[in-house]
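Undergrad: below are the sequence and a predicted model; questions follow.
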Amino acid sequence: MQQVAAPAGLDPFLEQRPRLLALAYRMLGMTGEAEEAVQDAWLRWQGAERAVIADPAAWLVTVTTRLCLDRLRQADTARRRYVGPWLPEPWLESVPAPAAGTAPDRRLNRAADLSVAFLLMLERLSAPERAALVLRDAFDADYAAIAEALGRTEAACRQILHRARARLQEAGPSRQPASSAEHQRLLGAFLAAARSGDPARLMRLLAEDARCLTDGGGKVRAALNPIVRRDKVARFVAGVMRHLPDGLRFRPITANGQPGLAILLGGEAWGLLSLEVADGRIQTVYMLRNPDKLAGIMPGPVTSGGGDPSWRQRVAKPPAQPKGRTDEPETESRRSAPNPLQGPDHA
């Protein structure tokens, strides 16, 4: 939203809007729904008796949280009926800056809690658990503010937050997140290995228990089930690369605060490739193909955040042909290889 001159009563909303949008996105995992929730909060703000609102920022956070809770409850059935794995709609804005005085480890967490991996972990929580965790860990809200937003006592909110953290711990051990430079390095190496079509080369980059999640939303062809284990992920990715349409371009992009690759076909977004990287290995490959979630990816250049500025050129450059080789036709075995997206587990 363009920052323009506005009536004095609207200023608190304009000041808080980036924070409210980040809150709503963490709650909902969908940028479009987050924007609608914030718009609804603005309508409530317009109709509120502002003279009795002592803290406009806290009031707006409470209203936005409650609107998101309503949307989460309404979305529960739709999420359970979703065709194939569900991935969040990408967050393509910059990561909101942490408040002054935030400890260095908390600054890293601010970026991590926008990651696809963390948003998928939040899907394991109930709506109140998700709200309590986001408000406390991402926005440093005190228990009084959380209680006001959830309509519970502070003691109840402490229990809700305790359960939320316990459920996340049950999801698996915490891993050491990669730096942006390491993330970029592995993403570039993954693309080069995938382009080579060599599963063994891909396996060297993947964790033993690596997964691949593809989200087509029932609108385009994609794997209906997660691909699990390093060897299966490597074969699947190599197979997919053999069947990509001609003319695809890979463009580095920053999505959810991390390096990713926008996959473009003509003037439209065909997909978004991103990775969960930790402990020096690729833990999860995310392939977003649902066209409804790709609308925000534009064909123009997008600057990748941080890291080596030459990385974008290296990734976008087509792979060089091996020495002594020309562009020969595909072999019969290559042409007849089955499309992995058409198998019985993935069609």
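TA: Great, that's in hand. Residues are numbered from 1 along each chain as shown.

Undergrad: quick check, Ala238 in a helix?
TA: Yes - according to DSSP: H, G, I helix; E, B strand; the rest coil, Ala238 belongs to a helix.

Undergrad: can you give me the neighbour number for it?
TA: 22 (other Cβ atoms under 10 Å). (Each C-beta comes from the backbone N, C-alpha and C, glycine too.)

Undergrad: which residues touch it?
TA: 194, 197-199, 202 (Cβ atoms under 8 Å, 6 or more residues apart in numbering).

Undergrad: of the residues you listed, which is the most crowded?
TA: Leu202 leads the contacts of Ala238 on contacts (other Cβ under 10 Å) with 27 neighbours.

Undergrad: check contacts around the closest residue in space to that residue that isn't next to it in sequence.
TA: Spatial nearest neighbour of Leu202, excluding adjacent residues (Cβ to Cβ, 6 or more residues apart in numbering): Ala234 at 3.9 Å. By Cβ under 8 Å, 6+ apart, the residues touching Ala234 are 199-200, 202-203, 206.

Undergrad: Ala222 against Tyr82, yeah?
TA: No - counting by Cβ atoms under 8 Å, Ala222 sits too far from Tyr82 to count as a contact (11.7 Å).

Undergrad: which of these two has more neighbours?
TA: Ala222 (23 against 15).

Undergrad: so what's the backbone phi/psi at the more buried one?
TA: When read as degrees, to the nearest 10, the backbone of Ala222 gives phi -160, psi 160.

Undergrad: so how far is Ser180 from it?
TA: The gap separating Ala222 from Ser180 is 28 Å, by Cβ to Cβ, to the nearest Å.

Undergrad: now, which of the contacts of Ala234 sits nearest Ala132?
TA: Lowest distance from Ala132 to the contacts of Ala234 (Cβ to Cβ) belongs to Leu206, with 34.4 Å.

Undergrad: now do the phi/psi pair for the closest one.
TA: phi -100, psi 150.

Undergrad: leaving aside the residues adjacent along the chain, what's closest to it?
TA: The nearest residue in space to Leu206 (Cβ to Cβ, 6+ apart) is Arg230, at 4.4 Å.

Undergrad: contacting residues for that neighbour?
TA: 203, 206-210.

Undergrad: could you redo the last one with a cut-off of 10 Å?
TA: 199, 202-211, 281-282 (Cβ atoms under 10 Å, 6 or more residues apart in numbering).

Undergrad: from those residues, list the buried ones, please.
TA: Buried members of the contacts of Arg230, scored by 16 or more other Cβ atoms under 10 Å, are 199, 202-203, 205-207, 210-211, 281-282.

Undergrad: max-length helix in the chain?
TA: helix 56-80 (DSSP state H).

Undergrad: what comes up buried for stretch 266-277?
TA: By neighbour count with 16+ other Cβ under 10 Å, stretch 266-277 contains the buried residues 269-277.

Undergrad: just the mean pLDDT for it, thanks.
TA: In this model, stretch 266-277 has a mean pLDDT of 94.

Undergrad: same thing with stretch 228-243?
TA: 96.

Undergrad: related to what we said a few turns ago, going by distance to Arg50, which of the buried ones among the contacts of Arg230 wins?
TA: For those, the nearest to Arg50 is Arg211 (48.7 Å; Cβ to Cβ).

Undergrad: hang on, the closest one in a strand?
TA: Yes - under three-state DSSP, Arg211 sits within a strand.

Undergrad: hang on, the earlier thing: where does the residue nearest to Leu202 land in three-state SS?
TA: helix.

Undergrad: could you list the low-confidence segments of the stretch 1-150 of the chain?
TA: Within the stretch 1-150 of the chain, the set of residues satisfying pLDDT under 70 comprises 1-10, 95-112.

Undergrad: let's see that with 50 instead.
TA: Within the stretch 1-150 of the chain, the ranges that satisfy pLDDT under 50 run 1-6, 9, 105-108.

Undergrad: what count of nearby residues applies to His243?
TA: Around His243 there are 13 residues (other Cβ under 10 Å).

Undergrad: need phi/psi at it.
TA: Here His243 shows phi and psi, under degrees, to the nearest 10, equal to phi -120, psi 20.

Undergrad: ok, now Val220?
TA: phi -140, psi 170.

Undergrad: doesn't Tyr286 lie inside a helix?
TA: No - Tyr286: not assigned to a helix; according to three-state DSSP it is strand.

Undergrad: contacting residues for it?
TA: 85, 87-88, 90, 116-117, 120, 211-215, 255-256, 260, 272-276.

Undergrad: could I have the buried ones of those as PyMOL selection syntax?
TA: To isolate the buried members of those in PyMOL, using 16+ other Cβ under 10 Å:
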select buried, resi 85+87+88+90+116+117+120+211+212+213+214+215+255+256+260+272+273+274+275+276
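
Undergrad: show me the contacts of Tyr286 that map onto helices.
TA: 116-117, 120.

Undergrad: let's have the residues you listed in CSV, adding distance to Glu15.
TA: Output for these, formatted as CSV (distance: Cβ to Cβ, whole Å):
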residue, distance to Glu15
Val116, 29
Ala117, 31
Leu120, 31
